[in-house]
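**Q** got a predicted model here, sequence first, then my questions.
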Amino acid sequence: MGFSASTVLNIPADVGWVLERLEDSGQVAYLVGGSVRDALCGEEPSDWDIATAATPEQTATVFAGQRLLPTGLQYGTQTLLVEPDEVPMGQAVSSCGSGRPRPVQITSFRTDGSYADGRHPDKVCFSGDIVHDLARRDFTVNAMAYSPRWGLVDPFGGQCDLATRCLRAVGDADQRLQEDALRILRALRFAATLDLGIDPSLAKALHNERQLLKRVSPERIQCELMRMLPGRGIQTVLLEYGDVLAVFIPEVGDTLGFDQRSPWHSYDVWEHSVRALAAISTGDPLVRLALLLHDLGKPRCCKVDSTGRGHFKGHEQVGAEIVEQRLRALRFDNESVRIVTELVFLHMAQLKPEAAKRWLSRLGEVQLKRLIGVKRGDISAHSEETVEGRMARMDMFEQAVDAALAAGECINRCQLAVNGNDLLAIGVFPGPVFRQILDSLLQSVVDDRLPNEREVLLSEARLLWLASPQYRGT
Ligand code: ATP
Ligand code: MG
């Protein structure tokens with residue numbers, strides 16, 4: 001049971017060659033984990049993992065003379081870099097890019113001991129049995145093994161769960177999450193990216209055990225969060241598991257079920273945010289993140305008027321402060337924090353076509369496009385009757401932005417028809433006034449008060465210089 005010799009998966013020749021080398025030396029070897037799961041779904045796996053009965057030392061002997069890196073020796077893992085020319089002639093290598101070596105992780109079959117820290121096994125034991133190795137894995141869809149020689153090994157019903165679109169823990173869900181709390185976020189990530197439903201006992205355990213996430217490093221939380229957001233199933237997952245995200249972004253907890261009391265909104269704050277995120281197809285991960293977090297300031301800013309309607313004045317500023325603090329705690333890099341915080345701060349901005357150049361000048365093309373993405377996501381998650389008109393206005397704004405870009409309009413200092421040397425030539429002293437004059441010229445050009453022409457700008461610069469305190473002090 002659980003073995004199927006008839007399943008045949010398409011695997012690259014060089015990965016097959018690694019399996020064969022191990023088998024030829026008398027060691028059983030299988031593809032395992034995500035590579036089997038993805039290949040069964042007909043998708044190209046992002047990485048190739050092999051599990052083998054060989055101990056790490058035996059693996060090193062089999063691949064003596066080749067590049068075998070000790071990438072996780074305490075857990076029995078080494079990474080073999082397979083050079084295309086190492087694979088025998090006649091076995092066409094489906095390349096990993098243009099002739100670059102393909103990294104293949106080789107891990108000895110193992111069982112994990114106890115997990116005192118709730119994250120890592122205290123010790124691992126090598127085992128000769130693939131089923132033991134599969135039993136330590138997190139979810140049934142990740143607990144299958146395959147070899148061209150032996151076929152599919154599927155002791156926990158992963159193939160059936162893939163077919164019925166179900167994410168299920170291997171063994172007792174609570175216990176598996178208690179062993180390693182990162183599995184809580186891995187579950188949400190796989191459910192979102194593979195668009196799987198979550199089995200009821202795993203679902204219950206995810207809610208029950210969510211506080212264990214406090215043991216997981218902020219870097220790992222950040223990584224899993226960012227990987228789940230583009231998933232096809234993200235809306236379903238986040239609507240159900242907002243309480244899990246609230247463990248590391250506590251303000252999410254206040255938005256769950258928070259009634260906006262507004263004719264503009266059909267959804268509570270969290271559902272609105274999740275729908276806004278799910279509505280956009282932009283490739284930019286920071287736009288998704290900004291949409292997820294854009295209304296975190298609302299619960300704190302809510303005022304209900306005498307008619308019972310909710311108002312949220314200033315929520316974008318409060319939200320930006322919360323977001324900055326939470327993203328720093330999750331160890332996002334400074335630039336990402338700046339970008340997302342600014343998007344949250346500006347998500348209520350009125351973007352009018354006549355101000356397209358000014359917005360371009362203020363934010364730059366990339367960030368303005370991100371802001372447009374945020375506005376579009378936000379608009380589409382409002383009451384249906386408001387969406388069409390507001391989206392049409394956003395189209396007009398974006399057209400004005402594109403037209404300004406296509407026309408090569410001046411939107412930054414480098415595009416001005418005068419530069420620093422010109423200012424020196426008319427006698428401006430180097431110093432703060434220099435930048436002030438260039439900024440002022442740029443503002444005049446962006447606002448269409450002056451044409452971007454050298455002579456016009458030089459005379460304006462002269463006037464500005466003569467009026468400056470620095471000139472008058474000379
Ligand atoms: P992807 O590579 O797309 O993230 P994956 O399933 O390959 O998905 P990896 O992190 O590469 O995930 O791990 C490879 C395999 O190792 C998994 O499929 C799973 O069987 C096992 N695994 C990884 N992390 C854990 C964990 N925290 N607990 C239990 N098993 C795990
Ligand atoms: Mg993987």
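**A** Arrived safely. Ligands and ions are numbered 1, 2, ... in the order given.

**Q** residues in contact with the nearest residue to C301 once chain neighbours are set aside?
**A** Nearest residue to C301, sequence neighbours excluded (C-beta to C-beta, 6 or more residues apart in numbering): H315, at 4.1 Å. Every residue, glycine included, has its C-beta placed from N, CA and C. Applying C-beta atoms under 8 Å, 6 or more residues apart in numbering to H315 gives the contacts 295, 297-298, 300-301.

**Q** around ligand 1, pick out the residues from the stretch 1-150 of the chain.
**A** 33-34, 46-47, 49, 137-138, 142-143 (C-beta under 6 Å from any ligand atom).

**Q** in helices only, show me these.
**A** Using DSSP state H, the members of those that fall in helices are G34.

**Q** from the residues of the stretch 1-150 of the chain next to ligand 1, which two are the most distant?
**A** The span of those, defined through C-beta to C-beta, is set by S46 and A143 at 17.9 Å.

**Q** which one's more surrounded, these two?
**A** Using other C-beta atoms under 10 Å as the criterion, S46 and A143 rank with A143 on top: 28 against 8.

**Q** now the helices for the stretch 151-300 of the chain?
**A** Using DSSP state H, counting those that start in this stretch, the helices of the stretch 151-300 of the chain run over residues 158-163, 173-179, 182-193, 200-208, 218-228, 234-240, 242-245, 250-255, 269-279, 285-293, 298-301.

**Q** can you say which of these is nearest to ligand 1?
**A** Closest of the helices of the stretch 151-300 of the chain to ligand 1 is helix 182-193, at 5.1 Å (criterion: C-beta to the nearest ligand atom).

**Q** for the protein, what are the low-confidence residue spans?
**A** The model of the chain has pLDDT under 70 over residues 1-3, 5, 88-98, 474.

**Q** show me what contacts V344?
**A** Counting by C-beta under 8 Å, 6+ apart, V344 touches 290, 293-294, 296-297, 316, 319-320, 323.

**Q** identify all contacting residues around the strand or helix carrying Q443.
**A** Per DSSP states H and E: Q443 is located in helix 432-446. With contacts defined as C-beta under 8 Å, 6+ apart, helix 432-446 is touched by 357-358, 361, 410-413, 416, 418, 420, 423, 428, 450-452, 457, 460-461, 464-465, 468, 470-471.

**Q** filter those down to just the ones in strands.
**A** In strands, judged by DSSP state E, none of those are found.

**Q** measure the residue positioned nearest the centre of the chain to H120 for me?
**A** The centroid of the chain falls nearest to M226 when counting by C-alpha atoms, centre = their mean (2.6 Å). Remark: distance between M226 and H120 (C-beta to C-beta, to the nearest Å) = 22 Å.

**Q** where does E385 land in three-state SS?
**A** Three-state call for E385 (DSSP: H, G, I helix; E, B strand; the rest coil): helix.

**Q** that one: neighbouring residues, count only.
**A** Neighbour count for E385, taken as other C-beta under 10 Å: 10.

**Q** circling back to that earlier point, Y115 is nearest to which of the helices of the stretch 151-300 of the chain?
**A** Nearest of those to Y115, taken as C-beta to C-beta: helix 173-179 at 4.1 Å.

**Q** from what I see, the residue nearest to the centre of the chain and P285 are in contact.
**A** Yes: between M226 and P285 there is a contact under C-beta atoms under 8 Å: 5.7 Å.

**Q** stretch 61-71 near ligand 2 anywhere?
**A** No: Stretch 61-71 lies out of reach of ligand 2 by C-beta under 5 Å from the ion, never closer than 13.0 Å.

**Q** run the chain-centre distance for that stretch.
**A** For stretch 61-71, the separation from the chain centroid amounts to 33 Å (computed by C-alpha atoms, centre = their mean, to the nearest Å).

**Q** how about residues contacting that stretch?
**A** 21-22, 25, 27, 54, 59-60, 77-83, 86, 101, 105-106.

**Q** among these, the buried ones, what's the PyMOL command?
**A** Applying 16 or more other C-beta atoms under 10 Å to the contacts of stretch 61-71 leaves a buried subset, and the PyMOL line that selects it is:
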select buried, resi 21+22+27+54+59+60+77+78+79+80+82+86+101+105+106
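
**Q** which of the contacts of stretch 61-71 fall within strands?
**A** Among those, the ones falling in strands (DSSP E) are 77-82, 105-106.

**Q** among those residues, which pair sits farthest apart?
**A** Checking the ones in strands among the contacts of stretch 61-71 with C-beta to C-beta, the most distant pair is T77 and V82, at 15.8 Å.

**Q** ok, the residue of the stretch 201-350 of the chain found nearest ligand 2 - contacts?
**A** Ranking the residues of the stretch 201-350 of the chain by distance to ligand 2 (C-beta to the ion) places R227 first, at 11.4 Å. R227 is in contact with 189, 193, counting by C-beta under 8 Å, 6+ apart.

**Q** what does I198 give?
**A** Applying C-beta under 8 Å, 6+ apart, we find I198 in contact with 166-167, 187, 191, 206, 237, 240.

**Q** next one: it relative to G231, how far apart?
**A** Using C-beta to C-beta, I198 is found at 13 Å from G231.

**Q** cool, and N452?
**A** 46 Å.

**Q** go on, Y30?
**A** Distance, Y30 to G231, by C-beta to C-beta: 27 Å.

**Q** of those two, give the one with the bigger neighbour count.
**A** Shown here are Y30 and G231; by other C-beta under 10 Å, Y30 has more neighbours (29 against 21).

**Q** so what pairs up with the more buried one in the strands?
**A** A51 (DSSP bridges).

**Q** quick check: the residue of the protein nearest ligand 1.
**A** With C-beta to the nearest ligand atom as the measure, G34 is the residue of the chain nearest to ligand 1, at 2.1 Å.

**Q** from the chain, which residue is nearest to ligand 2?
**A** Nearest residue of the chain to ligand 2: G34, at 3.5 Å (C-beta to the ion).

**Q** so that residue touches A143, yeah?
**A** No: shown here, G34 and A143 do not form a contact pair, counting by C-beta under 8 Å, at 10.8 Å.

**Q** how about P103, nearest residue that isn't a chain neighbour?
**A** In space, and not counting its chain neighbours, P103 is closest to T79: 5.1 Å by C-beta to C-beta, 6+ apart.

**Q** now do I50
**A** Among residues not flanking I50 along the chain, I106 sits closest, at 4.8 Å (C-beta to C-beta, 6+ apart).

**Q** now do the contacts for the one you found.
**A** 18, 22, 29, 50-52, 59, 68, 77-80.

**Q** and it, how far from V15?
**A** Computed as C-beta to C-beta, the I106 to V15 distance reads 11 Å.

**Q** same thing with T79?
**A** For T79, the distance to V15 - C-beta to C-beta - is 13 Å.

**Q** what sits in contact with each of those two?
**A** Listed contacts common to T79 and V15 are V104; contacts here mean C-beta under 8 Å, 6+ apart.

**Q** returning to that earlier point: got any residues that touch both of M226 and P285?
**A** Contact with both M226 and P285 is made by no residue, according to C-beta under 8 Å, 6+ apart.

**Q** show me what contacts the closest residue to S380 other than its chain neighbours?
**A** Counting by C-beta to C-beta, 6+ apart, S380 lies nearest to A279, which is 4.1 Å off, once chain neighbours are set aside. Contacts for A279 (C-beta under 8 Å, 6+ apart) come out as 376-377, 380-381.
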